[in-house]
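K.L.:
need a structure here:
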Amino acid sequence: MKIRCRCGDIIVDQTDFHSNKGYIISDQDFFDFLEGVDNAIEKSGQKAKDKERAIMSIRYLIGELQRTIYQCFTCGRM
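P.N.:
A predicted model of the protein is given here:
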């Protein structure tokens, strides 16, 4: 994906682990996320499969609530 910044530079997103790419969660969604983490932990059991299920539910929740944000290397805009 290529995004043109207001300064004219091109922000390229073709792989993972970019230093100018991040994720944000809104304040309202953040508290939903914390509640989801609490629920996953409280419902997880002793078995490895239970723990894996809790981890996957948290990862799913993060995926649903996060938004991607980019920072321009040239001007620093988000």
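
K.L.:
which helix or which strand is home to residue 53?
P.N.:
Per DSSP states H and E: residue 53 is located in helix 48-65.

K.L.:
over to residue 68?
P.N.:
strand 67-70.

K.L.:
and that strand, how far from the chain's centre?
P.N.:
Strand 67-70 sits 8 Å away from the centroid of its parent chain (CA atoms, centre = their mean, to the nearest Å).

K.L.:
before we move on, back to that, which outside residues touch the helix holding residue 53?
P.N.:
25-26, 29-30, 32-33, 36-37, 39-41, 43-45 (CB atoms under 8 Å, 6 or more residues apart in numbering). Any C-beta I mention is one placed from the backbone N, CA and C, and that applies to glycine too.

K.L.:
try it again at 7 Å.
P.N.:
Applying CB atoms under 7 Å, 6 or more residues apart in numbering, the contact partners of helix 48-65 are 25, 29, 32-33, 36-37, 40-41, 43-44.

K.L.:
give me the buried entries from the residues you listed.
P.N.:
With burial judged by 16 or more other CB atoms under 10 Å, the buried subset of these is 25, 29, 33, 36, 40, 44.

K.L.:
wait, is the fourth one part of a strand?
P.N.:
No: read with DSSP: H, G, I helix; E, B strand; the rest coil, residue 36 is helix and lies in no strand.

K.L.:
residues in contact with it?
P.N.:
With CB under 7 Å, 6+ apart, residue 36 has these contacts: 58, 61.
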